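In: give me the fold of what follows.
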Amino acid sequence: MRHTLAVLVENKFGVLSRVAGLFARRGYNIDSLAVGVTEDPNVSRITLVVRGDDHVVEQVSKQLNKLIDVIRVTDLGADESVERELALIKVKSDKDTRAEIIQIVDVFRARIVDVASKSIIIEVTGDEEKITAIEKLLKPFGIKELVRTGRIALTRGSKSS
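Out: Numbers count the residues shown, from 1 in each chain. I've put the predicted structure just below:
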C-alpha cells in the first residue's frame, strides 16, 4: 500500500539528507519525494510517498519524529487530502501532428507552455493516473523529454498537516 507522508522540518542545511538517510538505513524505498519551503521561511515541507503496510509507516513516522529538525509527521490519507503531481512533457510535433496533440492537451485540461518548429512542451497537473494517461496518449508522437514532480498533498478542510 502506498502512503503519503507530510514531514514539516526546520529549513536548515542537511535536513533532507538526514531524512533520506533514515529511509536508506532502514531499507525502505521512497517512491516520490518533493520538498519546498512553506508559508514560514524557517520551515520546509517534505512530501514522501512510501510503500508499506500501516505498521511500516508507523515505524517510519516514529523514526522521523526522533530526528531533531523534524517538527511534525502526518500520514495523509487519500480521502482526507488533495494530492497532485506536475509533469512537463516535450513531444515531437510538426504541422501535421500539432492539431491532434492540441486536442489531447485540451481533453486533459493541460497547457501548452512552449512551441517550437519540431516540438511542443506540455504542462499537466493532476493525480498520478491522469499524468500516466496523457503520457501514454502522447507516446506515439514521440516523447523527447519528460519530468514529473512526484506527489504533493495537503489535508482537506481547515485541519493542517
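
In: remind me which residues of the chain are low pLDDT?
Out: 161 (pLDDT under 70).

In: remind me, longest strand of it?
Out: strand 81-92 (DSSP state E).

In: does anything pack onto that strand? Which helices or strands?
Out: Applying 3 or more Cβ pairs under 8 Å, 6 or more residues apart in numbering; DSSP states H and E, one finds that strand 81-92 contacts strand 119-126, helix 128-138, strand 143-148, strand 152-155. (Glycine included, C-beta is placed from N, CA and C.)

In: what pairs with it, parallel or antiparallel?
Out: With DSSP bridges as the test, strand 81-92 is paired with strand 119-126 (antiparallel), strand 143-148 (antiparallel), strand 152-155 (antiparallel).

In: out of those, which is closest to Arg72?
Out: strand 152-155 (11.6 Å; Cβ to Cβ).

In: what's the closest of the helices and strands packed on strand 81-92 to Gln59?
Out: Per Cβ to Cβ, nearest to Gln59 of these: strand 152-155, 20.9 Å.

In: using PDB, write out every CA atom in that closest one.
Out: Extracted in PDB, the C-alpha atoms of strand 152-155 (Å, rounded to 0.1, in the frame of the first residue of the first chain):
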ATOM      1  CA  ILE A 152       2.400  16.800  -3.300                       C
ATOM      2  CA  ALA A 153      -0.600  16.900  -0.900                       C
ATOM      3  CA  LEU A 154      -2.500  19.000   1.600                       C
ATOM      4  CA  THR A 155      -5.100  17.900   4.200                       C
END
